[in-house]
Each structure stands twice: as C-alpha cells, then as structure tokens.
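*Asks:* what shape does this take:
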Amino acid sequence: MDRTEDRAHARDIGHWIAVASAEHVALGRAHGFMQVGHGKGTPLRRLRRGDRVAYYSPVRVVGTKDAYQSFTAIGTLLDEHIYQAEMAGGFKPFRRDVGWWPAHPAPIRPLLPALAFTREAPNWGQAFRYGLFRVAAADFARIAQAMSCAALASSRLEPGDALGSMTWG
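*Replies:* Residues are numbered from 1 along each chain as shown. Predicted structure coming up:
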C-alpha cells in the first residue's frame, strides 16, 4: 500500500445525511449518483471517497405536501469526482457517484429518541434544513439498521464491496 492509500485508510469515514424528495432519491439510485441543494456543487466537496450517505425524504414528490418523513437510500461514495450533468431546460446540477446498498425505507419517527441529532430536540427537523450534514457513526448505524441494511449497520463491508441497487419493500 502506498502512502496515499495509507492516508485514505487512516482517515475516518464520514457519515452524512442528505435531504431530497423520495422521487429525486429514486432517480439518483437508479443512475448511481447523489446531488444536494438543488444541484449545488459546494456541499458535495465536503464528502470523500468511502464516506457513507443516507438520504432523508421529507416528502414523496418535491413541491407537494405529501409528507413521507423517511430515510430512503443509503450508500457509499465511490470516488472523489464531482461533475455536472445536463438536464432539461439548461439545468446542470453537480453530482457525485454513489454505490447504493440494498435497503428498505425507514420512517424517522421511531428513530427520533435514538438519534443524537434529534434526541431532545424540540424542533427535530431543523438539522434537515441544511440539505447535507454530518452525523455520528452510531447514528448512521442506527439508520442503516432501521433500513434493514445489515452491511452498513455492522460496518462489515468496505467501499466497493458488493454494491447493489436499493430494493423497496
């Protein structure tokens, strides 16, 4: 292992929560990417290869009041590359490639007393307004467990091991 690889392995894996509608998360899952903050690039620069991300979806479809309030995807950042994609109407969001793990959506309400960033918070939704924020490894493991994502709940797998598509139950 060379020095660069040594440093990458020595660095702590970051654990992140990203926020998007379930509809937008499903699109990212289907195509192996993530984006945050309506396509902004700056927040994505905070993540590194091997970091883990779970998506929280307050609604099913953006622009509606169809509350969903569930974690909807969980995965691992595959590389350091941030890129722009061309979409309709000249919209060019920034993205990162993610290997999505098999998991099931998990409502947040049963997790509120167990997560450090929501426990004892009178307005538990405040943290989600940032669109992307770091969480403790223990909180991430609880979310992974609630999503029936055994691999990340126990941290047995390394980035790049047996990545798969999300399954919805």
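*Asks:* can we go C-alpha only for contacts and neighbour counts from here?
*Replies:* Fine.
*Asks:* check which element follows the worst-scoring helix or strand of the chain on mean pLDDT along the chain.
*Replies:* One helix or strand of the chain scores below all others by mean pLDDT, DSSP states H and E: helix 3-10, with a mean of 46. For helix 3-10, the following helix or strand on the C-terminal side (DSSP states H and E) is strand 15-19.
*Asks:* parallel or antiparallel, list what pairs with that next one.
*Replies:* strand 52-59 (parallel), strand 132-134 (antiparallel) (DSSP bridges).
*Asks:* give me the neighbour count for Pro110.
*Replies:* Pro110: 10 surrounding residues under other Cα atoms under 10 Å.
*Asks:* which SS class is it?
*Replies:* What DSSP: H, G, I helix; E, B strand; the rest coil gives for Pro110 is helix.
*Asks:* so how far is Ala136 from it?
*Replies:* From Pro110 across to Ala136, the span is 18 Å (Cα to Cα, to the nearest Å).
*Asks:* same question, Ala150
*Replies:* With Cα to Cα as the criterion, Ala150 and Ala136 are 18 Å apart.
*Asks:* next: Phe128.
*Replies:* For Phe128, the distance to Ala136 - Cα to Cα - is 15 Å.
*Asks:* equivalent analysis for Phe117, please.
*Replies:* 9 Å.
*Asks:* comparing the two, which shows the higher neighbour count?
*Replies:* Phe117 (17 against 13).
*Asks:* which stretches in the protein count as helices?
*Replies:* For the chain, helices defined by DSSP state H occupy the ranges 3-10, 22-31, 137-146, 150-154.
*Asks:* in stretch 94-114, what counts as buried?
*Replies:* Going by neighbour count (16 or more other Cα atoms under 10 Å), the buried part of stretch 94-114 is 94-108, 111.
*Asks:* of those residues, which is the nearest to Arg46?
*Replies:* Here the nearest of those to Arg46, counting by Cα to Cα, is Arg96; it sits at 11.2 Å.
*Asks:* so what sits opposite the closest one in the bridge?
*Replies:* Applying DSSP bridges, one finds that Arg96 bridges with Met34, Ile82.
*Asks:* is it true that it touches Ala85?
*Replies:* No. With contact defined as Cα atoms under 8 Å, Arg96 does not reach Ala85; the gap is 10.3 Å.
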